[in-house]
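J.: Have a look; sequence and predicted model below, questions after that.
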Amino acid sequence: MDKIRSFFKKHKKLTIFFSFALMLLLGYMLGSMNRKIHNNDKNPIDENAVSISPSPVNLKDQKIKIPAVEKIYFDSEKDVQVVSFVNPPENFCNFIVTLKLPNKEVIYQSAQIPPNKAIYNITLDKCLEKGEYKNSIITYHCYAPDGTKLNSAEFLVDIVVS
């Protein structure tokens, strides 16, 4: 024990340097682990996604199939609205669906919808008055299984509220 104390007293600058380097390394490792944990929380899987009819997934064809609709119908007297945001089983990526009014105001955004899953019921961020909201925008954001953002597709859709 005396030899160790003697060594640290003689080499005080070296001891300080290695202690500092060790603290930096520990800080980097903890920060890296924290980033990995929180990156997965940014776009969680939507717990409202339900299974659609089973179909074999063919990963050889890496094209992304995105369903498009021309009109969406909402009921002004209900909190929960009926939709059909489907991620076809042939896809290899997850979708995040965003619905915007013509003025670009977001009224709904899903969490990730895996392939072979769909969202059929949503609650809007904002109550809509009766009427037709022509040229609203539905966006499908595509994410690889590892979380990498892929392409997105935007479609114009008319929202009819009765």
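T.: Noted; the coordinates are in hand. Numbers count the residues shown, from 1 in each chain.
J.: all helices of this structure, in order?
T.: Remark: helices assigned in the chain by DSSP state H are 2-10, 12-39.
J.: hey, least reliable of the ones you listed by pLDDT?
T.: When those are ranked by mean pLDDT, helix 12-39 comes last with a mean of 63.
J.: what ranges do the strands span in this protein?
T.: 50-51, 71-74, 80-87, 94-100, 106-109, 117-123, 131-143, 149-161 (DSSP state E).
J.: In the protein, where is pLDDT below threshold?
T.: 1-5, 7-9, 11-15, 17-42, 53-62 (pLDDT under 70).
J.: Check the gap between residue 160 and residue 69 for me.
T.: 12 Å (CB to CB, to the nearest Å). To be clear about C-beta, it is placed using only N, CA and C from the backbone, and glycine gets the same treatment.
J.: So if we follow the domain assignment, how does this protein break up?
T.: 2-39, 50-161 (automatic domain parsing).
J.: Serialize these to JSON lines and add fields for mean neighbour count.
T.: Formatted as JSON lines, the domains of the chain follow (neighbours: other CB atoms under 10 Å):
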{"stretch": "domain 2-39", "mean neighbour count": "10"}
{"stretch": "domain 50-161", "mean neighbour count": "15"}
